[in-house]
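Engineer: Here's a sequence, model it:
(chains A, B, C and D)
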There are 2 protein chains.
Amino acid sequence: MHMPSHTDSPIFCTVDVVLLTLRNDRLHVLLLPRDKVPHQGQPALPGGFVRAQEDATAWHAARRVLREKAGIDSPYLEQLATYSGAERDPRGWSVSIVYYALVPEALLGAAASGAAARIVAAHRLPALPFDHRDIIQLAVARVRTKSAYSSLPVYFCGDTFTMPQLQAVYESVLGEPINKVSFRRKIAELDMLETVEGEMEVGKAHRPAQFYRLKRAYSRRLSTSGKGLGG
Amino acid sequence: MHMPSHTDSPIFCTVDVVLLTLRNDRLHVLLLPRDKVPHQGQPALPGGFVRAQEDATAWHAARRVLREKAGIDSPYLEQLATYSGAERDPRGWSVSIVYYALVPEALLGAAASGAAARIVAAHRLPALPFDHRDIIQLAVARVRTKSAYSSLPVYFCGDTFTMPQLQAVYESVLGEPINKVSFRRKIAELDMLETVEGEMEVGKAHRPAQFYRLKRAYSRRLSTSGKGLGG
DNA sequence: ACAATAGTGTCTGTTAGACACTATGCC
DNA sequence: GGCATAGTGTCTAACAGACACTATTGT
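Structural biologist: So this is what the prediction gives:
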């Protein structure tokens, strides 16, 4: 059986994670200072080598990296794309299997606030090493596209939320206002939410809003409607 | 600089290609007998090791593999997903960056008919090694989804085609009939086709159909409409 | 009572699909 | 002329967005 020998195959295999959250109604991404050369100390996507002994799959490697480097266990962690080639990393021919995660800002504030973590606006990225800028832009594009016809943005919310809150989240992700009636129709159509009985948002000087949560069946799952939302 | 040493990192990196075409109004996939163990001789997706010295990126590796193993240069070759893990290949921890290609049946007949190439219906797959069955099913699902709102199926056609031919292609890919008026409205909306002046389909005992081709600007590019087609 | 936002009923313009009609080749 | 399919005009039902109205809190 012929396989490339280890000496003539300097391909190294990594995972990178684009962790997205909403802050001030804008998509933000988590950057961490690189702990290794090249670009040591510079903000970059959390990433690391795949460890064949430890990680069952690249998905598990991404989950481990996110946990080890940012202390975050994201409920939503999905493959984005794989970047590869001879030129993207000065150390040699590299493969980076990239995942994206969506988390509520609250979860992120508690966990990743240690170290020198930076949460930067996705529309105003600083200079980034490797092809991390392209990667983030693809992740943002993917999330926007998917959000138009699915329950994806729910992962930016906490366990419970009101309709106006959820609508604001969708509007932030899509970057445009959504008709209130249409929005509620679409969400009802997806049939993924249930009311949190009795619980109401209180303390505001107006009619209180009903709290909702994802139905058990849809938890950690993705619901899609045929037609798309907003626009 | 710490990198995993070659000895403790037995990860090997491959590409696989799902080449899809339409035959008898059904999606079919190209399978080739494996030239190496394991599963030597069994039909499987064309694939091979990434060659760091030769391939600029995984995309180039996929193009090379398709060219070397099937003699095909596909105009459409796009990344599908990356499969990885310790269990999927008995040789060890593997990464397979998977691409999918769309070609007209005519192009395929001429090129890949050598050797023991098999073109099998995607809905009746034989037993396949590794996770190739899952991979093909993902590719088919991806093509169906994308076809509903884009010009993707045009890649199954030759250089020129009539509207009824194109509609039949969309119907085959989506697996359901499409309203003729709606279809022509959508295609016109995409604004990606131009008439081939004068050229008409002749020899049939009925009114001849106009031939169309992709506009130069849209050649090799993908056009998407907001709303989706058919259904 | 009033301000402010939650939530709903309804109207209207747009659009997708059904249907029917015309167009144009071969026989 | 008859048949078969290409291609188009038009009606209708479904749907998304606009608007306006009611509901319910705090002050």
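Engineer: Name the residues of chain A found near DNA strand C, please.
Structural biologist: A:162-164, A:180-181, A:184, A:204-210 (C-beta under 7 Å from any atom of the strand). (C-beta placed from N, C-alpha, C; glycine too.)
Engineer: Which among those count as buried?
Structural biologist: Buried by 16 or more other C-beta atoms under 10 Å in any protein chain shown: A:162-163, A:209, out of the residues of chain A next to DNA strand C.
Engineer: From what I see, A:Lys69 and A:Gly48 are in contact.
Structural biologist: Yes. With contact defined as C-beta atoms under 8 Å, A:Lys69 reaches A:Gly48; the gap is 7.2 Å.
Engineer: on that earlier part again, for the residues of chain A next to DNA strand C, give me JSON lines that also has distance to chain B, secondary structure and pLDDT.
Structural biologist: Formatted as JSON lines, those follow (distance: C-beta to the nearest C-beta, whole Å; DSSP: H, G, I helix; E, B strand; the rest coil; pLDDT from 0 to 100):
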{"residue": "A:Thr162", "distance to chain B": "29", "secondary structure": "strand", "pLDDT": "96"}
{"residue": "A:Met163", "distance to chain B": "25", "secondary structure": "helix", "pLDDT": "97"}
{"residue": "A:Pro164", "distance to chain B": "26", "secondary structure": "helix", "pLDDT": "97"}
{"residue": "A:Lys180", "distance to chain B": "21", "secondary structure": "helix", "pLDDT": "98"}
{"residue": "A:Val181", "distance to chain B": "20", "secondary structure": "helix", "pLDDT": "98"}
{"residue": "A:Arg184", "distance to chain B": "21", "secondary structure": "helix", "pLDDT": "98"}
{"residue": "A:Lys204", "distance to chain B": "36", "secondary structure": "coil", "pLDDT": "86"}
{"residue": "A:Ala205", "distance to chain B": "39", "secondary structure": "coil", "pLDDT": "89"}
{"residue": "A:His206", "distance to chain B": "35", "secondary structure": "coil", "pLDDT": "90"}
{"residue": "A:Arg207", "distance to chain B": "35", "secondary structure": "coil", "pLDDT": "95"}
{"residue": "A:Pro208", "distance to chain B": "36", "secondary structure": "coil", "pLDDT": "95"}
{"residue": "A:Ala209", "distance to chain B": "31", "secondary structure": "coil", "pLDDT": "96"}
{"residue": "A:Gln210", "distance to chain B": "31", "secondary structure": "strand", "pLDDT": "96"}
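Engineer: which among those residues gets closest to B:Val120?
Structural biologist: Taking C-beta to C-beta as the measure, A:Arg184 is the one of the residues of chain A next to DNA strand C closest to B:Val120, at 46.5 Å.
Engineer: Pretty sure that closest one sits against A:Pro164.
Structural biologist: No. Here A:Arg184 does not reach A:Pro164: they are 10.1 Å apart, not a contact under C-beta under 8 Å.
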